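**Q** Here is the input, now give the coordinates:
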Amino acid sequence: MVCLPLHKLGKILETHVKSQGTAEIKYGRKVVEIGEYADKSKAWVKVEKADGSTEIREADYVVGCDGANSIIRRKLFGDWVYPGYTWDKQIVATNIYYDGFKDVDFDDSQFFVHPEHWHMVARIQPDGLYRVTYGEIGGLTYDQLKERQPAKFQAILPGNPTPDKYGLVNFSPYKVHQRCVDRMRVGRFLLAADAAHLCNPFGGMGLTGGIADVGSLYDSLRGIDNNKADDSILDKYDEVRRRIWHEVIDPISTENMQRLFQYQNADEFVNKDPLYKLVREMQNPDKKLEKGGPPNASVTVSQRWLWS
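**A** Sure, this is the predicted structure:
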């Protein structure tokens, strides 16, 4: 498994975009207004540049792929309109160097189930940089979370280290949401990825869903450009991608997060959760699988799930 931090994935994508003769990347610009011409022939955005000046850019279609705080979405629906909910738990993402990981049999990534200290550990660089993401109670300020961090690491990391035993490179608390817009197409404006929907990070459903959005939208726009479809295909993009969020991304990502903390003991969640039943069966390969289970026990699990 390769676990790439987003800034490294972004650099790879940027390199590929720059290699396309028709693509252009402009930094230091902020969208401040959007609209369509009276005849609905094109859409436009007004952007503010780093020097304070503004310019109008127009296009057949404008895609808002500008993240969870999307200006495009806010201009279309309002600043505080994003249907869904925010979890009552927070997540803290950290990057650390810690020699203690060498003393344990960790895979490249693993998830730890615990009613209080649920967390994930993944190796993200060959030099030994690890991402440690852990759950926290909601409602705490940045300073309160930072104050609690040493005790959390002492509780969850192998060897129960004190701060002098590891190097904390990054500390990023954030709130977790399950949200999806009511429309991903409004006239000549389209939304994709985090600008259109959010989910918790466990399972990578948010990033994967965003990539699938872009692939579907590319196919739709290419079909229009090649006269193989009219622009009603963009309504189909809107319909299908939102349906997939509601039927696949939201329930699976919700279950992924809940299974980390919702059960108080191993027997309870093994009996209720088909994933843990499968893990238990894999630990006992000689035991015959129950009727209705997987057809055979030859299953490879690339992520390790542990519980206390």
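
**Q** Every contact and neighbour count from this point should use C-alpha atoms.
**A** Will do.

**Q** Quick check: which ranges of this protein have low pLDDT?
**A** Low-confidence segments of the chain (pLDDT under 70): 1-3, 263-270, 285-308.

**Q** so what are the domain limits for it?
**A** According to automatic domain parsing, the chain comprises the domains 6-83+181-252, 86-177.

**Q** Kindly export the helix or strand encompassing His177 (C-alpha atoms) in PDB.
**A** Assigned by DSSP states H and E, His177 belongs to strand 166-180. Presented in PDB, the C-alpha positions along strand 166-180 are these (Å, rounded to 0.1, in the frame of the first residue of the first chain):
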ATOM      1  CA  TYR A 166       9.000  11.600  19.200                       C
ATOM      2  CA  GLY A 167       9.100  14.400  16.800                       C
ATOM      3  CA  LEU A 168       5.700  16.100  16.200                       C
ATOM      4  CA  VAL A 169       5.800  17.500  12.600                       C
ATOM      5  CA  ASN A 170       2.200  18.500  12.100                       C
ATOM      6  CA  PHE A 171      -0.900  19.000  14.300                       C
ATOM      7  CA  SER A 172      -4.200  19.600  12.600                       C
ATOM      8  CA  PRO A 173      -7.600  19.300  14.400                       C
ATOM      9  CA  TYR A 174     -10.700  19.400  12.300                       C
ATOM     10  CA  LYS A 175     -14.400  18.800  12.500                       C
ATOM     11  CA  VAL A 176     -16.000  15.900  10.600                       C
ATOM     12  CA  HIS A 177     -19.100  16.300   8.500                       C
ATOM     13  CA  GLN A 178     -21.500  14.100   6.500                       C
ATOM     14  CA  ARG A 179     -23.100  16.600   4.000                       C
ATOM     15  CA  CYS A 180     -24.300  16.700   0.400                       C
END
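
**Q** Neighbouring strands of the helix or strand just after it in the sheet, and parallel or not?
**A** The helix or strand immediately downstream of strand 166-180 is strand 185-186, counting by DSSP H and E. Strand pairing for strand 185-186, using DSSP bridges, gives strand 189-191 (antiparallel).

**Q** Identify all contacting residues around the next helix or strand after the partner strand.
**A** Once strand 189-191 ends, the next helix or strand along the chain (criterion: DSSP H and E) is strand 197-198. Residues from elsewhere that reach strand 197-198, judged by CA atoms under 8 Å, 6 or more residues apart in numbering: 68, 177-181, 206, 245.

**Q** Out of those residues, which is nearest to Gln110?
**A** Of all the contacts of strand 197-198, Gln110 sits closest to Gly206, with 18.6 Å by CA to CA.

**Q** Spatially nearest residue to the closest one, not counting backbone neighbours?
**A** In space, and not counting its chain neighbours, Gly206 is closest to Cys199: 5.7 Å by CA to CA, 6 or more residues apart in numbering.

**Q** contacting residues around the one you found?
**A** Counting by CA under 8 Å, 6+ apart, Cys199 touches 176-179, 205-206, 249-250, 253-254.

**Q** Could you do Ala193 as well?
**A** Ala193 makes contacts with 65, 67, 206-207, 209-211, 213-214, as judged by CA under 8 Å, 6+ apart.

**Q** mind listing the helices for the chain?
**A** 6-18, 71-77, 142-156, 205-225, 233-244, 250-261, 266-272, 274-283 (DSSP state H).

**Q** CA atoms only for the second one - export them in CSV, please.
**A** Translated: helix 71-77. Output of helix 71-77 as CSV, limited to C-alpha atoms (Å, rounded to 0.1, in the frame of the first residue of the first chain):
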residue,chain,number,x,y,z
ILE,A,71,-17.0,29.9,-2.8
ILE,A,72,-18.9,28.6,-5.8
ARG,A,73,-21.3,26.6,-3.6
ARG,A,74,-21.7,29.6,-1.2
LYS,A,75,-22.6,31.9,-4.1
LEU,A,76,-25.1,29.4,-5.5
PHE,A,77,-26.9,28.4,-2.3
